[in-house]
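Q: A predicted structure for the sequence below; I have some questions about it.
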Amino acid sequence: MTDTADLANPTDPANPASTADATGADGTAGTAEGPRGDVRPPGLEADERTTLLAFLDYLREAVAAKAAGVPDEAARAAGVPSGTSLLGLVRHLTATEHNWFVWAYAGEGDDPLDDGAPPAPGETAEELLRAYREAAGRSNAVVAACDRLDRPGARSLRETPPPTMRWVLVHMIEETARHAGHADILRERIDGSTGR
């Protein structure tokens with residue numbers, strides 16, 4: 001099973017989402033601290049839970065890598081007319097991780113976080129990325145505590161019955177992948193960096 005600290009320790013060679021020693025298609029070594037080339041998805045033959053978590057961790061790290069190493073001002077600046085920024089994506093995904101895994105599935109807390117709130121004045125990329133990694137670790141702990149992927153959670157963020165852990169994982173893979181694509185474009189607009 002994917003360790004709950006995987007996203008917090010992207011250099012762990014046992015981490016299938018690790019990028020520290022990853023080599024892109026262009027032969028460029030990558031790190032979580034800056035441009036990393038094209039890092040391929042995890043290659044593993046494992047059970048469903050491990051596979052879903054490995055892909056989610058891989059996508060989480062792709063988002064984090066796109067925001068890492070960018071000056072705070074550039075990462076905070078809107079990159080498109082809608083106002084989306086790299087740090088805005090990180091903050092959104094942090095809230096979304098909490099809302100689906102902790103608030104909805106585990107049933108903890110009174111209210112979900114505002115997933116549309118922009119970064120607060122003074123919040124740095126380092127702080128937001130740390131919060132994202134911590135949220136991912138908490139999410140992974142909720143997944144680890146779930147005995148069956150078909151078990152429904154405590155409540156839903158939508159006007160539907162509580163979804164299963166399988167649905168939450170697949171939804172978060174979709175959500176994170178979509179925003180990883182947005183982050184790709186925003187980062188390329190900032191400094192020309194490309195790759196996963």
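A: Looks like it came in fine.

Q: For this structure, which residues score under the pLDDT cut-off?
A: Filtered on pLDDT under 70, the chain yields the residue ranges 1-38.

Q: Let me know the distance separating the closest residue to residue 79 other than its chain neighbours from residue 116.
A: Nearest residue to residue 79, sequence neighbours excluded (Cβ to Cβ, 6 or more residues apart in numbering): residue 186, at 4.0 Å. Quick note: C-beta positions are derived from backbone N, CA and C, even for glycine. To residue 116, residue 186 is 17 Å away according to Cβ to Cβ, to the nearest Å.

Q: which residues sit in contact with residue 148?
A: residue 165 (Cβ atoms under 8 Å, 6 or more residues apart in numbering).

Q: mind checking the SS state of it?
A: Three-state call for residue 148 (DSSP: H, G, I helix; E, B strand; the rest coil): coil.

Q: ok, it to residue 164 distance?
A: 8 Å.

Q: swap in residue 110?
A: Residue 110 is 23 Å from residue 164, by Cβ to Cβ.

Q: Among those two, which residue is more densely surrounded?
A: The neighbour comparison of residue 110 against residue 164 (other Cβ atoms under 10 Å) goes to residue 164, with 17 against 5.

Q: Quick check: beta-bridge partners of the more buried one?
A: Applying DSSP bridges to residue 164 gives these bridge partners: residue 152.

Q: correct me, but it touches residue 151?
A: Yes - using Cβ atoms under 8 Å, residue 164 is in contact with residue 151, at 6.2 Å.

Q: What segments of this structure are helices?
A: Along the chain, counting by DSSP state H, helices occupy 48-67, 72-76, 86-97, 125-145, 165-191.

Q: How many residues are close by residue 108?
A: Neighbours of residue 108 (other Cβ under 10 Å): 13.
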